[in-house]
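Peer 1: Quick one: sequence plus predicted model below, questions after.
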Amino acid sequence: MSSLLVRLDANANIGLGHLGRCLALAEPLRLLGVTPVFALSSASAPEAIERLQQAGERVLRLPHSVIGGADDALATAQAKDALGADTVLLDGYQFRNEMLGRLRASCDRIAYIDDVEQGSFDVDVFINPSLHGDMCRIALPAGARAVGGAKYALIRGSFVVARGEKSQLPAAPHTLSILVSMGGTDPTGKTLDVIEALRGLAQPAEEAISVRVLLSESSPRWQEAQRAATLCGSYLSVEGTVPDLAPLLPRTDLAIVSTSTTLAELSTVGVPAVAMPTVDNQEPVARAAARMQLAVVVDGKVETIRDAVHQLASDPAQRRAMAERQRAAVDGLGAHRVAALLAGREQESA
């Protein structure tokens, strides 16, 4: 069985999205006879290490703390050689330019995950798993491959299971369940704006509302979010993040999220959403989601969040139509397609 070294980092500043989408590749790779090994620097949060270990993945702790520089490139190359890995897969904006250039001299095959709209990269495989990924302009060396878009969204298998569960649930009157997830650590603090928007939310007629806000306890805004929640009453709670969002989604009626990988995960299951970009690199995803009508995309202001949530919460027909579009756009098999490409067995993928 061959090995593949996955180089990524995750912490309060970077977020946990890179970890989630790389973790989605683990099982599909193993099914194709490739063992993924995850390498993280000392800049990564203990929470990221724990999440990988809980998933049963092998984790290498690299000693350096500066991501993307000469020390990082050297440590990554040494880890690859020690494993005898055929391919190095990198996921992180800090790996652009210097890191890729230094690795090129010591790696026969480099794969890179990035959601940039355009650029030139000296890699063998370029993957943009975001909703806009098939619209990007990427320059690569001769013979290299670039794939992207909803077809290649890196979705874990648990979301495909949740997709089946949600489709089998009978329609029945119940409390309207709203889920809020603005990223594990929410580096920009948008969770607080969402809580403020929900504090003044008018409830739809004849339907109670229950709101579950997920935020990592390592977030610098954890205590502030807890205090804000007390002003909303018992219908809203702030809880720590979960290792896997999928089990919560079959009984979720509406979600409020950033235009990140989470939106593609919701779309796989069919959970109507209000979504907003929280950082600049999410703007292209927001435009794609709006164009594809996979979410009500807003600018992140408290008033527009409140209005969009009230509109969607009050219109079951709109939610059903959105869920149908989501499921048609994202089938949840993107990780299998990318794994087949990385394993050199693309012809076997759907």
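Peer 2: Great, that's in hand.

Peer 1: can you pull out the helices in the chain?
Peer 2: All helices of the chain, identified by DSSP state H, fall at 17-31, 46-54, 70-83, 98-104, 157-168, 190-199, 222-230, 261-269, 283-292, 302-313, 316-329, 334-342.

Peer 1: any idea which of these is most buried?
Peer 2: Stretch with highest mean neighbour count among those: helix 261-269 (a mean of 28; mean count of other C-beta atoms under 10 Å). Any C-beta I mention is one placed from the backbone N, CA and C, and that applies to glycine too.

Peer 1: So which residue is dead centre in the chain?
Peer 2: Centroid check for the chain by C-alpha atoms, centre = their mean gives Thr261 as the closest residue, at 2.7 Å.

Peer 1: Just the pLDDT at that one, thanks.
Peer 2: We have a pLDDT of 90 for Thr261.

Peer 1: ok so, going back, can the helices of the chain go into TSV with extra columns for distance to Gly119?
Peer 2: Output for the helices of the chain, formatted as TSV (distance: least, C-beta to C-beta, whole Å):
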stretch	distance to Gly119
helix 17-31	18
helix 46-54	26
helix 70-83	19
helix 98-104	11
helix 157-168	29
helix 190-199	27
helix 222-230	35
helix 261-269	20
helix 283-292	13
helix 302-313	31
helix 316-329	25
helix 334-342	19
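
Peer 1: List the contacts of Asp122.
Peer 2: By C-beta atoms under 8 Å, 6 or more residues apart in numbering, Asp122 lies in contact with 100-101, 104, 110, 140-141.

Peer 1: Next: Ala288.
Peer 2: The neighbourhood of Ala288, defined by C-beta under 8 Å, 6+ apart, consists of 130-132, 135.

Peer 1: could you redo the last one with a cut-off of 6 Å?
Peer 2: Shown in contact with Ala288 (C-beta atoms under 6 Å, 6 or more residues apart in numbering): 131-132.

Peer 1: where does this protein dip in pLDDT?
Peer 2: 1, 171-173, 202-207, 347-350 (pLDDT under 70).

Peer 1: Domain-wise, how is it divided?
Peer 2: 2-155+333-348, 157-329 (automatic domain parsing).

Peer 1: Just the CA atoms from stretch 144-156 would do, formatted as PDB, please.
Peer 2: Extracted in PDB, the C-alpha atoms of stretch 144-156 (Å, rounded to 0.1, in the frame of the first residue of the first chain):
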ATOM      1  CA  ALA A 144      -0.600  18.800 -14.900                       C
ATOM      2  CA  ARG A 145      -4.300  18.500 -14.000                       C
ATOM      3  CA  ALA A 146      -6.600  21.000 -12.600                       C
ATOM      4  CA  VAL A 147     -10.100  20.100 -11.300                       C
ATOM      5  CA  GLY A 148     -12.700  22.000  -9.400                       C
ATOM      6  CA  GLY A 149     -16.200  23.000  -8.700                       C
ATOM      7  CA  ALA A 150     -19.200  21.300  -7.000                       C
ATOM      8  CA  LYS A 151     -18.300  18.000  -8.600                       C
ATOM      9  CA  TYR A 152     -15.000  17.900  -6.700                       C
ATOM     10  CA  ALA A 153     -16.300  19.300  -3.400                       C
ATOM     11  CA  LEU A 154     -14.400  17.500  -0.600                       C
ATOM     12  CA  ILE A 155     -17.300  16.100   1.500                       C
ATOM     13  CA  ARG A 156     -16.900  13.400   4.100                       C
END
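
Peer 1: Roughly how far does Glu283 sit from Ala275?
Peer 2: Glu283 is 12 Å from Ala275, where distance means C-beta to C-beta, to the nearest Å.

Peer 1: that older thread, can I get the contacts of Asp122 in a markdown table with distance to Arg51?
Peer 2: Output for these, formatted as a markdown table (distance: C-beta to C-beta, whole Å):
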| residue | distance to Arg51 |
| --- | --- |
| Leu100 | 26 |
| Gly101 | 30 |
| Arg104 | 30 |
| Ile110 | 25 |
| Leu140 | 31 |
| Pro141 | 34 |
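
Peer 1: In the residues you listed, find the pair that's most separated.
Peer 2: Spatially, the most separated pair among the contacts of Asp122 is Gly101 and Leu140, at 14.4 Å (C-beta to C-beta).

Peer 1: Tell me which of the helices of the chain approaches Pro243 most closely.
Peer 2: Nearest to Pro243 among the helices of the chain is helix 46-54 (5.7 Å), distances taken as C-beta to C-beta.

Peer 1: With only the CA atoms kept, save that closest one in CSV.
Peer 2: What follows is helix 46-54, C-alpha atoms only, in CSV (Å, rounded to 0.1, in the frame of the first residue of the first chain):
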residue,chain,number,x,y,z
PRO,A,46,-4.3,20.8,19.9
GLU,A,47,-7.9,20.6,18.8
ALA,A,48,-6.8,19.9,15.3
ILE,A,49,-4.5,17.1,16.4
GLU,A,50,-7.2,15.6,18.6
ARG,A,51,-9.7,15.7,15.8
LEU,A,52,-7.4,13.7,13.4
GLN,A,53,-6.5,11.3,16.1
GLN,A,54,-10.2,10.7,17.0
